[in-house]
Every structure is written in structure tokens, then in C-alpha cells.
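Engineer: Structure for this input, please:
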Amino acid sequence: MTSLLQQISRWINAIVEKLLLVIGTSICLILFSQVLSRYIGASLGWSEEVSRHLLVAITFLGGTAAYKRMSFIGLKGIGHGLGRSVQQVIVVALQVATLGCFCILAWFGTEYTIKAWEHTTASLQIPMSIPFAVIPVSAMVFIVHVLADMATTFERKAQ
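Structural biologist: This is a model prediction of the structure:
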């Protein structure tokens, strides 16, 4: 089960990282096009809105990739001097707290996304639920990564 969760987590992360590359490239191209079009006297009315929504998406999805790569500031020093068993309890407690936070984010993000269906974006006139959907989607990716980490932790503890 642990290896299956790890494989799913790695597979999702690979997709997210490729998507981050596409989104980042898109933001650069859109903003370059906007600057160029303003220079020649025209303006792309939709470019700022799309770039803003893509920036929000890259922030949430980038957080999942950073978590998977363990690029966040760590709390490894907590309990380090208290022994291995205390340290493992602290790691599990932090993982449970993290899982709880991401479950709450997924829940409220889903509710917020559903409620936003009635509202439309200013220039594109698409439902706000479309750009807001990145919140529950990224929360679910976080949950998969945390569950994979927890399974690895429990596997190590059993050994």
C-alpha cells in the first residue's frame, strides 16, 4: 500500500511540475504580448486577468510541488534532543495536523468554488469557479502527498 501511495504521489507531482512549466511559460508569453501590444498602441484587455488567475494557480500548485520536494522550511529540530521515539511522535503529530489543515482547505475550497459559480470574471465572462477550482484541486494533491508521507513514516516505524 505504501509503495502504491508513493507511486501515485510521484505521478501526480510529475504532472503538476509539467503543468507549472506550462503555466509559467504562459504567464511570460501573455505578459510579453501585453507589453508589446501596448507599445504598438493596442491593449489586450484579458491579459491581466488571465495572468492573475494563472499566478494564483502557480502559487497553489507550486506549493504542492514544494511540499513533495521537501522545499519548505523544516521543523526537524523539534524533539531532536528528546530521542528517536519522541521525534517520531512529533513527526506523526505534525503530519496529522498538516493533513487536517489540507482537508479543511479542500472542504472550504470546494464550497467556495461551488458558490462562485454564479459570479463571472470581468473580462473573460467565465464563471469564477473555474479559476477558484485550483484551491480544492491543490488541496487534494497536498492530501495525497501527506498520506504518502504518513504511510512511509509508519512503515519506517514498523521496522
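Engineer: residue contacts, S129?
Structural biologist: For S129, the contact set (C-beta atoms under 8 Å, 6 or more residues apart in numbering) comprises T113, I114, A116, W117. In this view, the C-beta of every residue, glycine as well, is placed from N, C-alpha and C.
Engineer: what about the last one, neighbour count?
Structural biologist: Right, W117. W117 has 12 neighbouring residues, counting by other C-beta atoms under 10 Å.
Engineer: Now tabulate the contacts of S129 in JSON lines and tack on secondary structure and distance to H145.
Structural biologist: Output for the contacts of S129, formatted as JSON lines (DSSP: H, G, I helix; E, B strand; the rest coil; distance: C-beta to C-beta, whole Å):
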{"residue": "T113", "secondary structure": "helix", "distance to H145": "21"}
{"residue": "I114", "secondary structure": "helix", "distance to H145": "24"}
{"residue": "A116", "secondary structure": "helix", "distance to H145": "26"}
{"residue": "W117", "secondary structure": "helix", "distance to H145": "28"}
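Engineer: separation between the spatially most central residue of the chain and A122?
Structural biologist: The centre of the chain sits closest to L61, judged by C-alpha atoms, centre = their mean, with a distance of 3.1 Å. Distance, L61 to A122, by C-beta to C-beta, to the nearest Å: 23 Å.
Engineer: One more: Q95?
Structural biologist: Per C-beta to C-beta, Q95 is found 40 Å from A122.
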